[in-house]
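> Here's a sequence, model it:
(one chain, ligands or ions: 1)
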Amino acid sequence: MEQELVTIAKFDDNFEADLALALLVDHGIKAFLANELVYSMIPGIMPDKFFIELQVSSADEQRAREILDAQRNNSEIRNILLGNEAILEGHFLLTSGKHSGTYVEKIRLLQNPVAAQRVCELLAELLEPYDFDTVVGPAYGGIVLAFEVARILGKNFIFTQRKDEHMAIRSGFDLSEVQRAVVLEDIVTTGGSVQEVLACLKERGIDVQAVAAIVDRGSGADFGCPFLSLLQMEIPVWPANDCPLCAEGIPLTKPGSSDKKASDPTTV
Ligand SMILES: [Zn+2]
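Modelled structure (predicted):
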């Protein structure tokens, strides 16, 4: 049966158009570019009025739009994290003694409230489809995120903190109206602290509808509910004696020591 073709994106650049096309094809969607040939033959032709159009059949439209949106958010969040030095790229000595080419300095994100606010807008978009009354964040990073996402979506906000090694809801909150919650975390590495938050909510009979994080560092965590993240990032680490970055002779830095490094170049 003939399906009607719909235009789901317009580009003024061949390369961008080809990338978007490839992304959809990778997801098994039949996609087409209209006007591509004309565009490549006459570059610069009426750039305000003439676009390469990415088209899919109307049956695939919704899925194709979701894939393109996810991709746009993914590159936006990456740019925000890199731009605010929340993700550092280089050659790092970790506290474990291992080496890595990527370091996450999550507190840097909160240092720039405008960037943090944008991240919260993206998190709010992820969580909007779920049915909940309260956003919960673990102290400290989760507090800012949960508060702002709750404000955007018009929900309540509470936070948890560790007291005597035990995760608990901060005392003083009125929990009588808290029935369905979502949990927000900045970076999920193993998922351990989120599990502690889930346990203390469960103790109070609060249902958790979803967990969301800015970055999922390949945790593979199972929270017993949907786990959403803005960016999935597997970060390879190597033993010091088998590190490809050492082999390339790239200078090693110890994250968090950048202040010292400026005045004392011998510090690693
Ligand atoms: Zn190394």
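> Count residues in the vicinity of whichever residue of the stretch 51-200 of the chain sits closest to the ion, would you?
Closest contact between the stretch 51-200 of the chain and the ion, by CB to the ion, is at H99 (3.3 Å). (Glycine included, C-beta is placed from N, CA and C.) Residues within reach of H99, counting by other CB atoms under 10 Å, total 22.
> Next one, pLDDT for it please.
pLDDT for H99: 95.
> How about the contacts made by it?
Counting by CB atoms under 8 Å, 6 or more residues apart in numbering, H99 makes contact with H91, F92, L93, V237, W238, P239, A240, C243, L245, C246, L252.
> Nearest residue to it in space, please, no chain neighbours.
Spatially, and ignoring its direct neighbours in sequence, H99 is nearest to C243 (4.2 Å; CB to CB, 6 or more residues apart in numbering).
> Equivalent analysis for H27, please.
I67 (5.4 Å).
> What backbone torsions are found at the residue of the stretch 51-200 of the chain closest to the ion?
Per-residue torsions, H99: phi -110, psi 150 (degrees, to the nearest 10).
> Bridged to it, which residues?
H99 has these beta-bridge partners by DSSP bridges: L93, W238.
> V208 too?
Going by DSSP bridges, V208 forms beta bridges with A181.
> what about the helix or strand that L68 is a member of, average pLDDT?
In the assignment (DSSP states H and E), L68 maps to helix 61-83. Computed over helix 61-83, the mean pLDDT rounds to 90.
> For that helix, which outside residues touch it?
By CB under 8 Å, 6+ apart, helix 61-83 touches 6, 8-9, 20, 23-24, 27, 29, 31, 56, 86-87, 89, 109, 115, 118-119, 122, 125, 214-215, 230-231.
> Please narrow those to those residing in helices.
A20, L23, L24, L109, A115, R118, V119, L122, E125 (DSSP state H).
> tell me the pLDDT at the second one?
Translated: L23. Value listed for L23 in the pLDDT field: 92.
> Likewise for the fourth one?
Note for L109: predicted pLDDT of 87.
> what's near enough to touch it?
Contacts of L109 by CB under 8 Å, 6+ apart are I80, L81, N84, A86, A115, A116, V119, D186, I214.
> Am I right that V136 is in a strand?
Yes: counting by DSSP: H, G, I helix; E, B strand; the rest coil, V136 falls inside a strand.
> Touching, it and V197? I think so.
Yes: using CB atoms under 8 Å, V136 is in contact with V197, at 6.4 Å.
> what sits in contact with each of the two?
What both V136 and V197 touch, as defined by CB under 8 Å, 6+ apart, is the set T160, V183.
> In terms of neighbours, single out the busier of the two.
Neighbour count, other CB under 10 Å: between V136 and V197, V136 has more, with 29 against 25.
> who are the neighbours in contact with the more buried one?
Counting by CB under 8 Å, 6+ apart, V136 has contacts 142, 146, 157-160, 169, 181-184, 197, 201.
> Secondary structure and pLDDT added to those, as a markdown table?
Formatted as a markdown table, the contacts of V136 follow (DSSP: H, G, I helix; E, B strand; the rest coil; pLDDT from 0 to 100):
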| residue | secondary structure | pLDDT |
| --- | --- | --- |
| G142 | helix | 93 |
| A146 | helix | 97 |
| F157 | strand | 98 |
| I158 | strand | 97 |
| F159 | strand | 97 |
| T160 | strand | 96 |
| I169 | strand | 95 |
| A181 | strand | 98 |
| V182 | strand | 98 |
| V183 | strand | 98 |
| L184 | strand | 97 |
| V197 | helix | 96 |
| L201 | helix | 96 |
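> Brilliant, that's me finished.
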